[in-house]
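**Q** Okay, here's the prediction I keep looking at, along with the sequence it came from:
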Amino acid sequence: MANRQKPTYRQRRLGAELRKMRERAGFGGSHLARLLGVTPAMVTQMESGKSAISADRLREVADVCGYDNRPLIDALGSIIAMRDKGWWESYRGRLPDVFIESAEHEDFAAGKIRVCVSTFLPGLLQSDDYTRGVFSRRRPQLSAEELALHTGFRAERRKRILEGPRKKLEAYLHESSLLTRFGGTEVLREQLHSLLDDSLRDDISIRVIPFAAHTYPAPIESLAYSFGVVSELDTVEMESSQGPIFFDAPDELDSYREVFDRIEAAALSADDSRDLIHCTAKNLKG
């Protein structure tokens, strides 16, 4: 089986689930290796996503670990079948890996994605002009070709998620994100109008967390929770200056589900959020 120096997000997640199976069985890596008839190094490679794994090997690991969660095993088999077939692969090597991984994470979601932002609007809801404004702030400055590539990639993300097989998007926007003028006043005004249009779709919910909210439980630029085809495959993505950080441990997922419940409680209703977005766009000056 071929080794890969830079495993993709999907490969790493598959490996993480194999590790969880082993740990639930109380096995060390060497013990699992003996049961499988492979070297301990091979187990390490599989669990880190650096070695490809077949559906047969997946079932073998589940069997020797006494793991009988059939829905999860079937879901992992689907990950194996889909590996390296995502639309984002045409961008690999042309864009930093952090952007590719975010697209993989979004595609990984089975039916719903919840996102909370505080600085700029969610990538899946950005207009092309707004996206160009966001990426134009980067230093060192992107070339015209690089800017076009980043903008095109984000537009493709939106198309694949929001115009492909239906996924529910719940977006929570801190009021501050409605005021930051990436691209200038007119670009922001048009972006806010686009948000109002999107908010009328039955598969998109847009809620604003107002400045008046007493607490704000997610004081970071961007946080996303995607729901997997089974709950064990739920994933949290947190944006950082070093790129996205992913969380999938059961206790971490429980914690971030609670965070989003608190965010939801702090947010305005959908109708009140539309009113605030409309007023913000109407009152923009400059």
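**A** Done, it's in.

**Q** SS state for residue 180?
**A** coil (DSSP: H, G, I helix; E, B strand; the rest coil).

**Q** where do the helices sit along the protein?
**A** 9-25, 29-36, 40-47, 55-64, 70-82, 97-108, 128-136, 144-162, 185-199, 250-266, 270-283 (DSSP state H).

**Q** between those helices, which gets the lowest average pLDDT?
**A** Note on the helices of the chain: lowest mean pLDDT is at helix 97-108, with a mean of 86.

**Q** hmm, back to that, any chance of a markdown table for the helices of the chain, columns distance to residue 224?
**A** For every residue, glycine as well, the C-beta is placed using N, CA and C. As requested, the helices of the chain are exported to a markdown table (distance: least, C-beta to C-beta, whole Å):
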| stretch | distance to residue 224 |
| --- | --- |
| helix 9-25 | 13 |
| helix 29-36 | 32 |
| helix 40-47 | 25 |
| helix 55-64 | 27 |
| helix 70-82 | 19 |
| helix 97-108 | 7 |
| helix 128-136 | 16 |
| helix 144-162 | 11 |
| helix 185-199 | 17 |
| helix 250-266 | 10 |
| helix 270-283 | 19 |
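
**Q** closest one to residue 116 among those helices?
**A** Smallest distance to residue 116 across the helices of the chain (C-beta to C-beta): 5.3 Å, for helix 250-266.

**Q** Just the residues contacting that closest one, thanks.
**A** With contact meaning C-beta atoms under 8 Å, 6 or more residues apart in numbering, helix 250-266 is reached by 114, 116, 172, 207, 209, 213-218, 223, 225, 231-232, 234, 236, 247.

**Q** Of those residues, just the buried ones, ChimeraX syntax please.
**A** For the buried members of the contacts of helix 250-266, the matching ChimeraX selection, counting by 16 or more other C-beta atoms under 10 Å, is:
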select :114,116,172,207,209,213,216,217,218,223,225,232,234,236
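
**Q** about what we covered before: is it possible to get JSON lines of the helices of the chain that adds mean neighbour count?
**A** JSON lines is the format used below for the helices of the chain (neighbours: other C-beta atoms under 10 Å):
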{"stretch": "helix 9-25", "mean neighbour count": "20"}
{"stretch": "helix 29-36", "mean neighbour count": "16"}
{"stretch": "helix 40-47", "mean neighbour count": "20"}
{"stretch": "helix 55-64", "mean neighbour count": "17"}
{"stretch": "helix 70-82", "mean neighbour count": "16"}
{"stretch": "helix 97-108", "mean neighbour count": "20"}
{"stretch": "helix 128-136", "mean neighbour count": "20"}
{"stretch": "helix 144-162", "mean neighbour count": "17"}
{"stretch": "helix 185-199", "mean neighbour count": "17"}
{"stretch": "helix 250-266", "mean neighbour count": "15"}
{"stretch": "helix 270-283", "mean neighbour count": "15"}
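
**Q** Nearest to residue 178 among the ones you listed would be which one?
**A** helix 270-283 (4.8 Å).

**Q** relative to helix 185-199, how tilted is the closest one?
**A** Helix 270-283 and helix 185-199 are oriented at 160 degrees to each other (axes from the mean of the first three to the mean of the last three C-alpha atoms, to 10 degrees).

**Q** hmm, who's touching helix 270-283?
**A** 173, 175, 178-179, 188-189, 192-193, 195-196, 199, 205-208, 210, 267-268.
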